[in-house]
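[1] based on what follows, work out the 3D shape:
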Amino acid sequence: MANVLQIADALYAEDKDAKTLAQRVAAKLESNGVTNLPLLTQENYATGRAPPGSLVRYIGMVQDMGNPEFYAPSVSVNGTDVCVAFRDELPSGADPSDATLADRKPFFCVAPPGLTDWASPPNQALPP
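    Below you'll find the model as predicted:
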């Protein structure tokens, strides 16, 4: 499977509408048959099996919702419009002064309480 950031970059290059980018990425992943995503666990993260920028599943419970964050889904880098919608850092040489802002809502998730081996579905590892 291609890196999700590469998919987002390719879709943004086709149509620079940042408002619909998340829906287009989701539709592309569905059309590619991406249904079996790796489960993010402490072990997968520590061993590098879930590198930064990879798409993973996370089993959790929303404990808190933060205030909306404002971000620039695209910025100009040396005169070229670059997609940064799913990234936390801007590329070097980025000029966000003319960028259009969007907002997103961060969630703080915790492991569901009372997880035990006998309560988990078959063939599914519990998060440590």
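
[2] list the residues that contact the residue most central in space within the chain.
    Nearest to the mean C-alpha position of the chain, by CA atoms, centre = their mean, lies F86 at 5.8 Å. By CB atoms under 8 Å, 6 or more residues apart in numbering, F86 lies in contact with 4-5, 8, 25. Placement of C-beta: from N, CA and C, glycine included.

[3] list the buried residues for the least confident helix or strand in the chain by mean pLDDT?
    Ranked by mean pLDDT, DSSP states H and E, the helix or strand of the chain with the weakest confidence is helix 42-47, at a mean of 82. By neighbour count on 16 or more other CB atoms under 10 Å, the buried set for helix 42-47 is N44.

[4] right, and the helix or strand after that helix?
    Next along the chain after helix 42-47, taking DSSP states H and E as the criterion, comes strand 61-65.

[5] how far off centre is that following strand?
    17 Å (CA atoms, centre = their mean, to the nearest Å).

[6] then stretch 45-62?
    Taking CA atoms, centre = their mean, one finds stretch 45-62 lying 10 Å from the centre of the chain it belongs to.

[7] now do stretch 102-117
    On CA atoms, centre = their mean, the centre of stretch 102-117 falls 14 Å from that of its chain.

[8] no further questions, thank you.
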